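Asks: 3D, please:
(chains A and B)
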Amino acid sequence: DAGVTQSPTHLIKTRGQQVTLRCSPKSGHDTVSWYQQALGQGPQFIFQYYEEEERQRGNFPDRFSGHQFPNYSSELNVNALLLGDSALYLCASTSGGTSSYNEQFFGPGTRLTVL
Amino acid sequence: AQRVTQPEKLLSVFKGAPVELKCNYSYSGSPELFWYVQYSRQRLQLLLRHISRESIKGFTADLNKGETSFHLKKPFAQEEDSAMYYCALSRNYGGSQGNLIFGKGTKLSVKP
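Replies: Numbers count the residues shown, from 1 in each chain, chains lettered A, B, ... in the order given. Alright, predicted model coming up:
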């Protein structure tokens, strides 16, 4: 089991563009959370998906949207990119939805640079 | 406001010395707290959670509601403990880990 996988590893975009990041959860997991980690900061919660629906959302604008597929994989989409969106985007997976107490496992992250 | 504060960006100790990584929180409800660790070139991973009351790799953390603290301690630091440590607070009732507030992290460096 490769654990949580994310693609791509690195990405460079320009302001105003749109980007899609992908995440495959650890085998057996059905719940995916996304975090943004700016340089020198801790991760910030963006949203969580369970049963193909957004269940919880952090303090991020509507430019950030997501999707979860029937196979539990997930996408994070960011529209109208700003310089401030440059960060490491982390995906984390667990099983059992928002009330689950099961351990959450993180992926390696996608490094997004906006020029 | 819900907040996690780690006052030290960097903590440097010698091998065998005691270690204490500080974490303070601000939360109106009953807090569920965690410590995550990231070793060099590895993924962020759960180290321990307060509700489990367990010792992992010699580390312990006690929740002090009066001082709103959850400091991470180890009596004798090892070189392999060198890593980035994040304190985190769950926003979810019951303490599930999907919606966490993280501190900015403390880099622990253990010198030989």
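Asks: Tell me the spacing between residue B:91 and residue A:82.
Replies: 25 Å (CB to CB, to the nearest Å). All C-beta spots, glycine's among them, are computed from the backbone N, C-alpha and C.
Asks: Those two - which one has more neighbours?
Replies: The residue with more neighbours, out of residue B:91 and residue A:82 and counting by other CB atoms under 10 Å in any protein chain shown, is residue B:91; that gives 18 against 12.
Asks: Alongside chain B, which residues does chain A contribute?
Replies: Residues of chain A that fall close to chain B, judged by CB under 8 Å from any CB of the partner chain: A:3-4, A:31, A:33, A:35, A:40-45, A:48, A:55-56, A:58, A:90, A:92, A:94, A:98-108.
Asks: Neighbouring strands of the lowest-mean-pLDDT helix or strand in chain A in the sheet, and parallel or not?
Replies: Of all helical and strand segments in chain A, the minimum by mean pLDDT, DSSP states H and E falls on strand A:53-57, at a mean of 92. Applying DSSP bridges to the sheet, strand A:53-57 is found paired with strand A:44-50 (antiparallel).
Asks: which residues touch the strand it pairs with?
Replies: A:30-38, A:54-58, A:60, A:64, A:66-68, A:74, A:76, A:97-98, B:91, B:98-102 (CB atoms under 8 Å, 6 or more residues apart in numbering or on different chains).
Asks: Check stretch A:91-107 too.
Replies: When contacts are taken as CB under 8 Å, 6+ apart, the neighbours of stretch A:91-107 outside the stretch itself are A:3-6, A:21, A:23, A:25-26, A:28-35, A:48, A:50-51, A:55-56, A:72, A:74, A:76, A:90, A:109, B:43-46, B:92-99.
Asks: thinking again about what came up before, in CSV, list the C-alpha atoms belonging to the least confident helix or strand of chain A.
Replies: Only the C-alpha atoms of strand A:53-57 are listed here, as CSV (Å, rounded to 0.1, in the frame of the first residue of the first chain):
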residue,chain,number,x,y,z
GLU,A,53,-20.1,15.4,-0.7
GLU,A,54,-18.3,18.3,1.0
ARG,A,55,-19.0,17.8,4.7
GLN,A,56,-16.9,20.5,6.3
ARG,A,57,-15.2,23.6,5.1
